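Q: Return a 3D structure for these sequence lines:
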Amino acid sequence: MNPANSNPSPGDAVQSAWEAAYQRFETPEAEIKKFVARLRELGADVWSRDAQVVEIFCGRGNGLHALSQLGFTRLEGVDYSPALLARYTGSAVCTVADCRALPFPDASRDILVVQGGLHHLLELPSDLDRTLAEVARVLRPGGRFMVVEPWLTPFLRVVHQVAFFPPARALSGKLDALATMIEHERTTYEQWLGQPEVVQKSLRRRFAVERCTMSWGKLRFVGRKPE
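A: Residues are numbered from 1 along each chain as shown. Predicted structure coming up:
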């Protein structure tokens, strides 16, 4: 088929609408600053700067920029979207791949990071289990896995109520962007938020917990692959 004569799929349209909302929600500079603070909160200041670090679901690469600002130099990124990876302009080596089949040898990396990607998985628990199995396979013994994902805390419930209140959306472009993103990912988003026990069980089965908090609408988890 000639791409010039093909029509975009409904999935492409949804992805484009989500991306447009995401760009309204937060500037790249603001996101990088947020990621730097988040990494420090989860202990990155004491991680070896020689570590081989992979960010999965890395998207346009702002998490990779944050890791670079913290002094990590052996960086790689993985995302399923070639269009998103094409927007990355840093020095990390990026690969188009499925997180359920990572393109790395066994026990070859020190740290894997995911910030806001697991809640996009289509099927729980199967896709989550496959992804975590791949993470565990790729990590060296004692390697770290850092996860930050939305979590249905009381704070997030309030955010949802406000974001979907029409006058609030009209007054705040950020709230409207958030509500639009949720609308376009509602199926996977609600599936993720609705199965906290499944998520925790999957993480704890594969990794020894180093840090784990659930507050302000986020799960923040750092686990170690058993030695």
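Q: and Arg220, what are its phi and psi?
A: Here is the backbone geometry of Arg220 (degrees, to the nearest 10): phi -120, psi 120.
Q: Which secondary structure element is home to the nearest residue to it once chain neighbours are set aside?
A: Nearest non-adjacent residue to Arg220, counting by C-beta to C-beta, 6 or more residues apart in numbering: Thr213, 4.9 Å away. In this view, the C-beta of every residue, glycine as well, is placed from N, C-alpha and C. If you go by DSSP states H and E, Thr213 is part of strand 208-215.
Q: what helices or strands is that strand leaning on?
A: If you count contacts as 3 or more C-beta pairs under 8 Å, 6 or more residues apart in numbering; DSSP states H and E, strand 208-215 packs onto strand 218-224.
Q: For stretch 79-86, give me every contacting residue.
A: 15, 56-61, 77, 94, 96-99 (C-beta atoms under 8 Å, 6 or more residues apart in numbering).
Q: Point out where the chain drops to low pLDDT.
A: Within the chain, the ranges that satisfy pLDDT under 70 run 1-14.
Q: Repeat the analysis, applying 90 as the threshold.
A: 1-25, 83-84 (pLDDT under 90).
Q: where along it do the strands fall?
A: 52-56, 74-79, 93-96, 109-115, 139-150, 208-215, 218-224 (DSSP state E).
Q: For Arg130, find the nearest of these.
A: strand 52-56 (12.4 Å; C-beta to C-beta).
Q: what's the angle between the closest one and strand 74-79?
A: 20 degrees (axes from the mean of the first three to the mean of the last three C-alpha atoms, to 10 degrees).
Q: count of neighbours near Ser215?
A: Burial of Ser215 is recorded as 12 neighbouring residues (other C-beta atoms under 10 Å).
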